[in-house]
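sequence first, then the predicted structure, then my questions.
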Amino acid sequence: MLAALTALQQADTAFPSGSFAFSNGLEGLITGDPAFDEAALARTVAAALRFRWAGTDRVALILAHRAGPAIERLAVIDAAVEAASLAEPMRVGSRRNGASLLASHARLGTPGAADLRAAVRAGRLIGHLPTIQGALWPGLGLDERTAASVSGYLFASGLTSAAVRLGAIGAIEAQRSLGAALPIIAELLEEPVPDPTGAIELTGFTPLIEITAMRQAQAELRLFAN
């Protein structure tokens, strides 16, 4: 029961993870499409889950969870996330989110957080968000499946909450889109993640989101960092 309650705490959008500053490319999509509505959000969330989270964030988090406190192994996973993040706004956003999450856990005294933060500061780790999530959450008693579930929920809810803050849809529409995403997350959680025998291959690819994120990064006025 404690692990379930802890998972709820980590999935709470009020947890100080720094994610509120990032739209993960959604701001660029909405800016470029004045007709962006609830249906467009639902399609975007589904596509981002299937073609980014499932093949990149989820895989990196699970491998980091299995790596335990082994900094050298975590560094290899981190480097794979860096290589898979082609768009600079998304790459920087992942690093900054990871740093914010790590800082909060270090202040909360989460087991292993101080060592991870020292490794990032020393340049031994880049500190991408899924790597940090996977490395931190076992110390809170979250097993691999639960940690991946929290990650998927945060990924989807981050997009829906950004859409509300951008004024594209209302809170009820956002909750409908988030509810529609939950079966997708559950489906993707069933996909196996084998331990790699060679180089780590992260296959996430969302070109439209990444292109709009790069364009939006050059805008004079924007609400989010990406």
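Here it is on my side, so go on. Residues are numbered from 1 along each chain as shown.

okay, the residue nearest the centre of the chain and Trp53: tell me how far apart.
Nearest to the mean C-alpha position of the chain, counting by C-alpha atoms, centre = their mean, stands Phe155 at 5.0 Å. Using C-beta to C-beta, to the nearest Å, Phe155 is found at 5 Å from Trp53. Bear in mind the C-beta positions are built from the backbone N, C-alpha and C, glycine included.

over to Ala135?
Noted for Ala135: a distance of 18 Å to Trp53, by C-beta to C-beta.

the more surrounded of these two?
For Ala135 versus Trp53, the count of surrounding residues by other C-beta atoms under 10 Å is larger for Ala135: 31 against 26.

following the host helix or strand of the more buried one, which helix or strand shows up next?
Taking DSSP states H and E as the criterion, Ala135 maps to helix 129-136. Sequence order places helix 144-165 as the next helix or strand after helix 129-136, per DSSP H and E.

angle of that following helix against helix 129-136?
140 degrees (axes from the mean of the first three to the mean of the last three C-alpha atoms, to 10 degrees).

tell me the pLDDT of the nearest residue to Gly158 once chain neighbours are set aside.
Leaving aside its chain neighbours, Gly158 sits nearest to Ser19 (5.4 Å; criterion: C-beta to C-beta, 6 or more residues apart in numbering). Looking at Ser19, its pLDDT stands at 70.

tally of neighbours for Ser19?
22.

contacts only, for it.
Shown in contact with Ser19 (C-beta atoms under 8 Å, 6 or more residues apart in numbering): Thr13, Asn97, Ser100, Leu154, Gly158.

now those as a markdown table including distance to Gly28 and neighbour count?
As requested, these are exported to a markdown table (distance: C-beta to C-beta, whole Å; neighbours: other C-beta atoms under 10 Å):
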| residue | distance to Gly28 | neighbour count |
| --- | --- | --- |
| Thr13 | 21 | 13 |
| Asn97 | 17 | 26 |
| Ser100 | 21 | 20 |
| Leu154 | 20 | 22 |
| Gly158 | 15 | 21 |
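
what about this protein, any weak spots by pLDDT?
Along the chain, segments meeting pLDDT under 70 span 18, 20-21, 219-226.

ok, which stretches of it are helices?
Ranges of helices in the chain, per DSSP state H, are 2-11, 26-31, 38-48, 58-67, 71-84, 88-108, 113-121, 129-136, 144-165, 171-189, 207-216.

deepest of those helices, which one?
helix 129-136 (a mean of 29; mean count of other C-beta atoms under 10 Å).
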